[in-house]
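> Kindly generate the corresponding structure for this input.
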Amino acid sequence: MTTKLCALLVLPAILLLGACSESPETATRVFTGGILYTVNEDYPTAEAMAIQGNKIIYVGDQEGVKPFIGSETEVIDLEGKTLTPGWIEGHGHFMGLGYNELNLDLSATKSFREIVAMVKEAADRTPAGEWITGRGWHQSKWTESPGKQINGFPLHQAISEVSPDNPVFLYHASGHAGFANARAMEIAGLNPLGKEQLRDPNHQEGGEIIRDENENPTGIFNETAMGLITRHIPANSPEKDRQAFELAMAACHRNGITGFHDAGIGSKTVDLYQQMKREGKMKLRMYAMIAGGNREFLDEWLEKGPEVDSLLTFRSIKLSCDGALGSRGAWLLEEYSDRPGHFGHETLPMEYVYEVSKMALEKGFQLCTHAIGDRANKEVLDRYQAALEEFPHKRNEHRFRIEHAQHLHPEDIPRFAALGVLPAMQAIHLSSDRPWAIERLGAQRIKEGAYMWQALLQSGVPIINGTDVPVEPINPLANFYASVTRKTLEGSPEEGYEADQKMTREQALRSYTLDAAYGAFEESMKGSLEVGKVADFTIFDRNIMEIPETEILQTKVSLTVMDGQIVYEQ
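Predicted coordinates:
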């Protein structure tokens with residue numbers, strides 16, 4: 001029996017070592033003096049861990065780790081802190097995280113007036129003609145009225161007045177809508193100040209231009225209509241891309257993130273990631289989804305097949321089939337409660353989803369499809385099911401995903417487990433969205449089908465957790481708090497929204513570690529503290545599994561270790 005096998009058993013470690021014929025390896029580092037949550041059902045907690053290079057060689061009690069300590073071993077006393085597997089961002093936008101720190105970050109704004117002030121400040125320091133971009137505003141989170149509104153959104157005039165010489169485009173927090181000023185709309189061929197507009201782009205398949213009573217654009221472009229503006233925004237320079245990459249990496253490390261599922265990237269970002277890996281700057285495990293909306297780009301990847309690597313993997317395809325609930329772009333079976341006659345947007349033809357599903361199964365790719373509304377989720381599940389019926393031999397290995405699965409028809413909840421489809425959900429959306437989401441869906445739809453974590457878990461399907469950064473901050477502890485309390489970050493309501501759908505702390509930790517690894521076919525390599533797995537782990541200054549829930553948001557990351565190397569220390 002080898003030392004590695006011994007360390008996996010649940011008998012006293014000192015007895016195990018006596019039964020082994022091989023001498024223990026000498027550890028590079030040993031971590032002891034705290035509590036380790038392994039996310040391994042056979043031994044959920046441990047007292048010590050040893051790593052050799054980038055691999056775990058021992059997990060067990062403090063007595064059993066002693067034979068792994070040599071003269072060169074660095075012994076780190078956890079001083080009562082808590083160690084878990086490295087946390088994995090199960091659905092985010094890595095470059096968006098970096099660029100949020102370079103552009104206007106509107107995520108903390110509480111009023112339209114604040115946004116106007118930030119745009120004015122940016123316009124005062126930006127040369128005339130240069131674009132001003134930002135992201136993070138959300139009209140449902142404002143604490144004061146913005147004045148006149150059309151379909152729940154303000155008009156562009158206040159922003160246009162403070163930025164007459166600079167085109168401005170500000171992405172909604174969801175990324176599914178945007179706010180343009182007069183200069184940006186003029187560049188796009190729209191005349192927002194008069195009655196003469198180009199009529200051709202008035203109707204956008206899968207999107208809309210919000211207009212006032214005189215048919216003038218208000219500045220709001222929803223879903224695919226954003227392309228009318230964004231196609232005119234200059235591409236970022238390679239130098240700025242690298243800067244954003246490095247900022248995003250640092251943000252991940254200080255938040256205890258060692259793995260990242262990047263939800264939809266194009267050829268330029270693929271090239272950047274490959275370059276960063278060649279230069280040794282890829283310091284987390286990147287699971288990148290190929291953006292499947294570009295057919296030429298998709299066909300290139302389908303032809304050459306998946307690329308699987310411990311640091312950078314391309315084996316999944318991302319499609320986007322509807323919008324967001326906040327911008328009323330999520331595709332619903334019944335009309336929005338607060339906008340009669342409006343059902344959201346189908347942003348991608350379902351025939352295309354069916355076609356790509358079959359090609360993905362044939363070529364060995366995982367398909368990850370954005371679906372927020374109950375109509376979108378139902379339609380995507382239907383297409384997945386139809387494709388799987390044509391490839392029955394792939395039924396147990398595809399691990400197709402639905403990204404968000406935020407609002408489901410009750411009849412579709414058990415279909416995830418039945419089809420082997422994984423829901424990649426963001427618990428923090430409950431904290432941010434639930435106070436106003438009831439206005440969009442009404443009480444019955446909220447109770448029966450929104451944020452249905454426990455119902456999905458009890459059906460037998462794991463949940464992949466994440467933040468959808470930069471839609472929400474990347475902070476995993478806020479997400480963990482949302483998962484186990486179903487409260488806003490301000491702590492309301494007292495019992496949590498639809499409290500029967502809370503995750504347990506064990507479920508929440510697993511959703512951010514082992515189940516997230518499973519969602520990327522990487523559970524044999526990472527996601528739990530087990531001998532032979534990579535040394536990716538996070539150390540917190542408090543025991544998040546036992547402290548009162550009010551203290552979770554006060555917890556800090558003390559240390560982040562990725563591939564055996566300390567990449568962040570508080």
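
> Next secondary structure element downstream of the lengthiest helix in the chain?
In the chain, ranked by residue count with DSSP state H as the criterion, the top helix is helix 428-449. Past helix 428-449, further along toward the C-terminus, the next helix or strand under DSSP states H and E is helix 453-458.

> What helices and strands are in contact with that next one?
helix 413-419, strand 422-425 (3 or more Cβ pairs under 8 Å, 6 or more residues apart in numbering; DSSP states H and E). All C-beta spots, glycine's among them, are computed from the backbone N, C-alpha and C.

> Which other helices and strands does the first one contact?
Yep, that's helix 413-419 we're talking about. On a contact count with 3+ Cβ pairs under 8 Å, 6+ apart, helix 413-419 meets helix 374-390, helix 453-458.

> which strands and helices sit next to the first one?
Going back to what we said before, that points to helix 374-390. On a contact count with 3+ Cβ pairs under 8 Å, 6+ apart, helix 374-390 meets helix 350-363, strand 366-371, strand 401-404, helix 413-419.

> so what are the domain limits for the protein?
The chain is divided into the following domains under automatic domain parsing: 3-80, 100-230, 238-524.

> Quick check: which of the helices and strands packed on helix 453-458 is buried the most?
Of all the helices and strands packed on helix 453-458, strand 422-425 has the most neighbours on average by mean count of other Cβ atoms under 10 Å, namely a mean of 26.

> chain center to that one: distance?
Strand 422-425 has its C-alpha centroid displaced from the chain centroid by 10 Å (Cα atoms, centre = their mean, to the nearest Å).

> Neighbouring strands of it in the sheet, and parallel or not?
strand 401-404 (parallel), strand 464-465 (parallel) (DSSP bridges).

> Let me have these in CSV, extended by distance to Val59.
Output for the strands paired with strand 422-425, formatted as CSV (distance: least, Cβ to Cβ, whole Å):
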stretch, distance to Val59
strand 401-404, 30
strand 464-465, 23
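
> of all those strands, which gets the most neighbours per residue?
strand 464-465 (a mean of 30).

> List the contacts of it.
Residues outside strand 464-465 that contact it (Cβ atoms under 8 Å, 6 or more residues apart in numbering): 90-91, 261, 401, 422-427, 479, 483, 508, 511-512, 515-516, 518-519.

> Could you do stretch 228-245 as well?
Here stretch 228-245 makes contact (Cβ under 8 Å, 6+ apart) with 94-95, 98-99, 101-102, 131, 133, 167, 169, 178, 180, 184-185, 187-190, 201, 204, 209, 221, 268-269, 272, 276, 281.

> Spell out which residues sit in contact with the closest residue in space to Cys252 that isn't next to it in sequence, please.
Nearest residue to Cys252, sequence neighbours excluded (Cβ to Cβ, 6 or more residues apart in numbering): Leu284, at 5.6 Å. Going by Cβ under 8 Å, 6+ apart, Leu284 touches 249, 252-253, 257-260, 562, 567.

> which non-adjacent residue is nearest Leu302?
Closest residue to Leu302 apart from its sequence neighbours, by Cβ to Cβ, 6+ apart: Lys363 at 4.9 Å.

> you'd agree the one you found is up against Lys304?
No: in this structure, Lys363 is not within contact of Lys304 by Cβ atoms under 8 Å, at 9.4 Å.

> For Leu381, give me its contacts.
Residues near Leu381 by Cβ under 8 Å, 6+ apart: 402, 412, 415-416, 419, 421.

> The same query, at a cut-off of 7 Å, please.
412, 415, 419, 421 (Cβ atoms under 7 Å, 6 or more residues apart in numbering).

> wait, the last one sits on Glu403?
No: counting by Cβ atoms under 7 Å, Val421 sits too far from Glu403 to count as a contact (11.1 Å).

> just so I know, which of the helices and strands packed on helix 453-458 lies nearest Gln458?
For the helices and strands packed on helix 453-458, the distance to Gln458 is smallest for helix 413-419, at 9.3 Å, taking Cβ to Cβ.

> avg pLDDT for that closest one?
For helix 413-419, the mean per-residue pLDDT is 98.

> quick one on the thing from earlier: in a markdown table, list the helices and strands packed on helix 374-390 along with distance to Gln385.
Shown next, in a markdown table, are those (distance: least, Cβ to Cβ, whole Å):
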| stretch | distance to Gln385 |
| --- | --- |
| helix 350-363 | 9 |
| strand 366-371 | 13 |
| strand 401-404 | 12 |
| helix 413-419 | 6 |
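
> wait, which of the ones you listed is closest to Ser431?
Per Cβ to Cβ, nearest to Ser431 of the helices and strands packed on helix 374-390: strand 401-404, 14.9 Å.

> and the closest one, C-alpha only, in PDB?
Listed next in PDB are the C-alpha coordinates belonging to strand 401-404 (Å, rounded to 0.1, in the frame of the first residue of the first chain):
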ATOM      1  CA  ARG A 401     -24.900  23.500 -19.100                       C
ATOM      2  CA  ILE A 402     -27.500  26.200 -18.800                       C
ATOM      3  CA  GLU A 403     -25.900  29.400 -17.600                       C
ATOM      4  CA  HIS A 404     -28.000  31.300 -15.000                       C
END
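
> Let me see the mean pLDDT of that strand.
Mean predicted lDDT for strand 401-404 stands at 98.

> got it, and stretch 495-512?
So the average pLDDT for stretch 495-512 ends up being 98.

> ok, residues contacting it?
Contacts for stretch 495-512 (Cβ under 7 Å, 6+ apart): 37, 39, 84, 87-88, 430, 434, 447, 451-455, 457, 463-465, 476, 480, 483-487, 545.

> so which of the helices and strands packed on helix 413-419 is the most packed in?
Greatest burial across the helices and strands packed on helix 413-419, using mean count of other Cβ under 10 Å, falls to helix 374-390, with a mean of 21.

> So what angle separates the directions of that helix and strand 366-371?
Helix 374-390 and strand 366-371 are oriented at 160 degrees to each other (axes from the mean of the first three to the mean of the last three Cα atoms, to 10 degrees).
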